[in-house]
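K.L.:
sequence and predicted structure are below.
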Protein chains: 2
Amino acid sequence: MGKVAVNTPKGFRDFLGEDARLRQNLIGKFVTSFERFGFEPLLTPALEYAEILKGKYGEEEKLIYEFEDRGGRQVALRYDQTVPLARIVAQYPNLTKPYKRYQIQPVWRAENPQKGRYREFLQVDIDTAGSDSLLADSEIIACIISTLEEIGFSSFTVKINDREIFSGIPNSAISAIDKLDKIGEEGVIALLKNQSFSEFQAKDLLKKVTESVPTERVNNLFEILTNMGVSNSRYAFDPSLARGLDYYTGLIFEVEIEGYTSGSVGGGGRYDRLVGTFSESNVPAVGFSFGFDRIIEALKEQNSNSLAVNGSQVLVTIFNEDLLKTSLETVSFLRNNGLNTELYLDPKAKLDKQLKYADNKKIPFVLIIGPNEKEKELVNIKDLKNAKQEQIKLKDVISFIDAKSSL
Amino acid sequence: MGKVAVNTPKGFRDFLGEDARLRQNLIGKFVTSFERFGFEPLLTPALEYAEILKGKYGEEEKLIYEFEDRGGRQVALRYDQTVPLARIVAQYPNLTKPYKRYQIQPVWRAENPQKGRYREFLQVDIDTAGSDSLLADSEIIACIISTLEEIGFSSFTVKINDREIFSGIPNSAISAIDKLDKIGEEGVIALLKNQSFSEFQAKDLLKKVTESVPTERVNNLFEILTNMGVSNSRYAFDPSLARGLDYYTGLIFEVEIEGYTSGSVGGGGRYDRLVGTFSESNVPAVGFSFGFDRIIEALKEQNSNSLAVNGSQVLVTIFNEDLLKTSLETVSFLRNNGLNTELYLDPKAKLDKQLKYADNKKIPFVLIIGPNEKEKELVNIKDLKNAKQEQIKLKDVISFIDAKSSL
C-alpha cells in the first residue's frame, strides 16, 4: 500500500477491549438512570445542514467541522446536542411537552488537541424542554445525583447558583469571579483590577457576590429536593459559580467530585431562550451535560470497581483433534447457560500456547478436557490468577466460576 | 432566525422515543450475544485520514464523504468497519491474535437516498482476524444463528457457499447467477446470453453451478456446526450464492429471514487478503455484517414483542400544590425501588391535563394521591388501557404493575 500513515487524525481515538467495554458499561448506567427518571432517548444524525448550526456558538463557531456535500449543500458535523434538540422541537411540533429527552452521541470540534481535550468526544445530555416549572430543574438535579451514585461515586457535590445573583455585573467581571475556585481571592482581585476596577471596588464586588444569600428560587429548589428525599450533603449553594451567562437564564449547576482535581464533571442549568430558536414560540428548558471522559478518568483514579469489565469468563482449550468434538460441546453447553465463553480456534496448537492466549487476553479461567476427563465426564478448570487446577463436573463450571469471581 | 430549513439532510434520520429505544434494545441484544461468543468491542473514530480509505472500495469510492480539515489534511467519514479494522491490526501489532472483535457504529455513504437506503446507517460487524482455521468460520456462523434467535426470529436460514465453486467462471457470469433467487432461471439465462454465452452454454453453466455438491470445506464446516449442537434447520448449502467475489476468498454466507422479502439481513464470509492491507504480513480473516435497519424492519413486520419498549411505567400526578410533597415522596420511593417513574412537572395543572399527558406518552399507569388517600396511606392507580382505577398501598404499586404488565 505504499506509505500510508497508519494512525488516527490528531484528537481522535480508538477504544479497544477493556476501554471500549468500560465506556459501554458506563453508557448503560446513564441509560438506566435516565429512564428511571422518565427521560426518553433521542438520536440525531451526525450531519446537519450547516445553517442549522450557524450563529449558535459565538466565537466557537470556527471549531465546527463544515464541508460541502456532493449535492453542493453546506453540511456540518454535530457540534453539540442542544442545537439539534432545538431543531427537533421545531420539526416535530406534535411532540408531547414537556419533552424530556436524553442524548448520548459523539460530537466533533476542531479544538487544538491537548491533554483531556479531544476533537471527537461523547456528550451525555438530559434536558427537559417546554416547562418553566421549578420541578423540572429539581428533577434534573435529583437525576444527576442518582446517576452519579449509580455509577459508583460516593463523594461529590452539585454546586448550585442562580444567575440572578449576577444581575448588573458585567460579563467580564463574572468570568473573573467564576475562577475563584482555581485562582483564589487574590487572583480574582488581580483580574478585576485589570478590568478597570479599583482595588476597593474589586474587593467589594467579590465580597458582595461570595456573601450573597440563596435566592428565593434556590430556597424553593432546596425544599423540593428535601421533599424528594435527596440528601442535602449532595448539593450546596455556591454564589461564585457562574458558567456561561449568555446562555443560561436561571439556575445553574456544576458537579465536583471529591479528590478529582481536573475540573467539573458536568454542568447545566436553565436556558429559556435557546430551544425555541427554530420554533414559533419560546420553549423554556433546563438541562445538564455530563463530561463522559472526565467521569471515566475520575473512575479510573478512584480505582472504582463499579463498572467492572465483563468479557470472556473462560477459555475452552482443545486437547487434540480427536477431542475437538468434546470441546465444541462444552463451549455450547456453557454459552447456552449464559457464560461468556471462548473456544481456542486452532485444534493443532500446543496447550502452552492456548494457556498463553488466555493469559494475554486476561480470561480468568481455562478448561482442559483430556481423554481421562472425557471418560469420567469431568473437566479440569484452571484459575489463571493462582495457577491452581481442579477437576469438577461440567455442570458445576458456572457456579464454580461465580463463586471464585465473587471472592 | 430567518428562513432556516428545519430538517435533516436527505438520507439522514432522527430517532425519537420508541424508535430510539428499539434500536438501543436491539444493540443490547447484539452485544450480549457477541460477548457470549468471546468477541470484544472496538470503537474507531468517525474521521480517518482519507488515504486510509482510498483504493479500498473500487467504484464505490466516490461515495466516501471526504473533506479537508482545518489543518489542511484530507479526512473522510467512516465508510465501513473493515478498513478501520485493518488499520487497527496494523497500528496495534501486539494485539493478541486471533483478534475477535465486534463493532457497532454508524457509517456514512453518499448514496442516492431511496427506500431502505440511507446516507447514515448503523453497521453491526463481527470479525475474527488472524486465524485461517475453519473453527473461526464455524464460530461466526454459530454466533449469527444464536444472535438471531436471541433477537427473537424463529425462522431463518444461513445460506452458505464456497467461492471455490466458481473457480474459472468469469465475474460477470457469477453476478448473473447470484440473482437466481430474484429473477429465476430464465432471468439468469437471459443475462448470460447478453454476456455472449450461447443458450446452450448458459443453461449448462447454470446447471453446473446449481447442481454443485458441497465442497470438502463446506462438509467439514457442517460437521463442526453439528458438533456444536447447532440445528441443521438453521443453515443450508446454496451453490448459487455468490456475493462480492473480489473480496471473499473462501466460505461465504448470507441470512434470509422467512417472510421478509426485502433481501438478506446480513452477509459475510472469509476474506484473507484485506485485513493485512496495512500490515507487514497477511492476516486471514472471517466476518459477518448484520443489516441493522433491515432487522428492525423485519422485527416490525413480524410484530415481534421480543424487544418490547421499556419507557416510563407510571406517571405520578400532583393532586394540588399542598399535596406536592406527597407526590415527590411517592416518586422517589418508586424510583428507589427500580421503577421507571415520571413526575408530572406542573403542580397547578388540572388532573385531566395530567392524564392526557400520560396517554400521549403511552405511559401505562397513573397514580393519583388526593387528601383521602394520603391520610389512609393509599394511592389510586389507574390503568390507562382499560381506564380502571383501584386503591392500593404504595408499597404494592410495583408488584401490581408487574402483575398487570405480564398479563
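P.N.:
Arrived safely.
K.L.:
which stretch of helix or strand covers the spatially closest residue to A:Phe237 that is not a sequence neighbour?
P.N.:
Distances taken as C-beta to C-beta, 6 or more residues apart in numbering or on different chains place A:Pro214 nearest to A:Phe237, at 4.7 Å, with adjacent residues excluded. Yep, even glycine has a C-beta here, placed from its N, CA and C like the rest. Here A:Pro214, judged by DSSP states H and E, is contained in no helix and no strand.
K.L.:
pLDDT score for A:Tyr274?
P.N.:
Just to correct that, residue A:274 is Leu rather than Tyr. What the model reports for A:Leu274 is a pLDDT of 89.
K.L.:
if the residue in the stretch 251-400 of chain A that chain B sits nearest to is in a bridge, with which residues?
P.N.:
Nearest residue of the stretch 251-400 of chain A to chain B: A:Glu342, at 3.3 Å (C-beta to the nearest C-beta). Taking DSSP bridges, one obtains A:Leu315 as the residues bridged to A:Glu342.
K.L.:
thought A:Pro364 was touching it, still the case?
P.N.:
No. Under the criterion of C-beta atoms under 8 Å, A:Glu342 is not in contact with A:Pro364, lying 11.5 Å apart.
K.L.:
so for the two, which residues contact both of them?
P.N.:
Counting by C-beta atoms under 8 Å, 6 or more residues apart in numbering or on different chains, the common neighbours of A:Glu342 and A:Pro364 are A:Val314.
K.L.:
the two: who's more crowded?
P.N.:
When A:Glu342 and A:Pro364 are compared on other C-beta atoms under 10 Å in any protein chain shown, the one with more neighbours turns out to be A:Glu342, at 28 against 17.
K.L.:
if I look at A:Arg109, how far off is B:Glu120?
P.N.:
With the distance defined as C-beta to C-beta, to the nearest Å, A:Arg109 ends up 19 Å from B:Glu120.
K.L.:
and A:Phe121, by the same measure?
P.N.:
A:Phe121 is 19 Å from B:Glu120, where distance means C-beta to C-beta.
K.L.:
what segments of the stretch 101-250 of chain A are strands?
P.N.:
A:120-129, A:156-162, A:235-237 (DSSP state E, counting those that start in this stretch).
K.L.:
equivalent analysis for the stretch 251-400 of chain A, please.
P.N.:
Going by DSSP E, counting those that start in this stretch, the stretch 251-400 of chain A shows strands at A:251-257, A:266-270, A:285-291, A:314-316, A:341-343, A:365-368, A:378-383, A:388-393.
K.L.:
quick one: name the residues of the stretch 51-200 of chain A near chain B.
P.N.:
Counting by C-beta under 8 Å from any C-beta of the partner chain, the residues of the stretch 51-200 of chain A close to chain B are A:51-52, A:55, A:65, A:67-71, A:73, A:75, A:77, A:87-88, A:90-92, A:95-96, A:98, A:100-101, A:106, A:108, A:110, A:119-120, A:128, A:131, A:133, A:135-136, A:139, A:142, A:146.
K.L.:
now those: which count as buried?
P.N.:
A:51-52, A:65, A:67, A:69, A:75, A:77, A:87-88, A:90-91, A:95-96, A:98, A:100-101, A:106, A:108, A:110, A:119-120, A:128, A:131, A:133, A:135-136, A:139, A:142, A:146 (16 or more other C-beta atoms under 10 Å in any protein chain shown).
K.L.:
okay, now the unreliable bits of the stretch 251-400 of chain A?
P.N.:
Applying pLDDT under 70 to the stretch 251-400 of chain A flags residues A:308.
K.L.:
how does it look with 90?
P.N.:
Applying pLDDT under 90 to the stretch 251-400 of chain A flags residues A:262-263, A:274, A:276-277, A:279-281, A:302-310.
K.L.:
at the contact with chain B, which residues of it appear?
P.N.:
A:277-278, A:310-312, A:315, A:324-325, A:328-329, A:331-332, A:335-336, A:338-343, A:345-347, A:357, A:360-361.
K.L.:
and the helix or strand where A:Ala76 lies, what other elements does it pack with?
P.N.:
Using DSSP H and E, A:Ala76 falls within strand A:74-77. Applying 3 or more C-beta pairs under 8 Å, 6 or more residues apart in numbering or on different chains; DSSP states H and E, we find strand A:74-77 packed against strand A:47-49, helix A:50-53, strand A:66-68.
K.L.:
what would these look like in a markdown table with distance to A:Glu150?
P.N.:
Formatted as a markdown table, these follow (distance: least, C-beta to C-beta, whole Å):
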| stretch | distance to A:Glu150 |
| --- | --- |
| strand A:47-49 | 32 |
| helix A:50-53 | 33 |
| strand A:66-68 | 37 |
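K.L.:
for the residue in the stretch 51-200 of chain A that chain B sits nearest to, which non-adjacent residue is spatially closest?
P.N.:
Relative to chain B, the nearest point of the stretch 51-200 of chain A is A:Phe67 (3.6 Å; C-beta to the nearest C-beta). Leaving aside its chain neighbours, A:Phe67 sits nearest to B:Phe67 (3.6 Å; criterion: C-beta to C-beta, 6+ apart).
K.L.:
I figured the one you found was touching B:Trp108, is that so?
P.N.:
No. With contact defined as C-beta under 8 Å, B:Phe67 does not count as touching B:Trp108 (11.5 Å).
K.L.:
hmm, back to that, make sure the residue of the stretch 51-200 of chain A closest to chain B is actually in contact with B:Asp69.
P.N.:
No. Contact criterion C-beta under 8 Å: A:Phe67 and B:Asp69 do not qualify, at 9.1 Å.
K.L.:
can you give me the helices in the stretch 301-407 of chain A?
P.N.:
A:324-336, A:351-360, A:371-376, A:397-405 (DSSP state H, counting those that start in this stretch).
K.L.:
can you pull the pLDDT of the residue lying closest to A:Asp80 once chain neighbours are set aside?
P.N.:
Closest residue to A:Asp80 apart from its sequence neighbours, by C-beta to C-beta, 6+ apart: A:Val107 at 5.7 Å. Reported pLDDT at A:Val107 in the predicted model: 97.
K.L.:
neighbours of A:Val107, how many?
P.N.:
Neighbours of A:Val107 (other C-beta under 10 Å): 19.
K.L.:
for it, name its beta-bridge partners.
P.N.:
Going by DSSP bridges, A:Val107 forms beta bridges with A:Phe121.
K.L.:
pick out the residue nearest the middle of chain A.
P.N.:
A:Phe292 (2.8 Å; C-alpha atoms, centre = their mean).
K.L.:
now the residue nearest to A:Thr8 when sequence neighbours are not counted: which helix or strand?
P.N.:
Closest residue in space to A:Thr8, ignoring its immediate chain neighbours: B:Pro45 at 5.3 Å, by C-beta to C-beta, 6+ apart. If you go by DSSP H and E, B:Pro45 is not part of any helix or strand.
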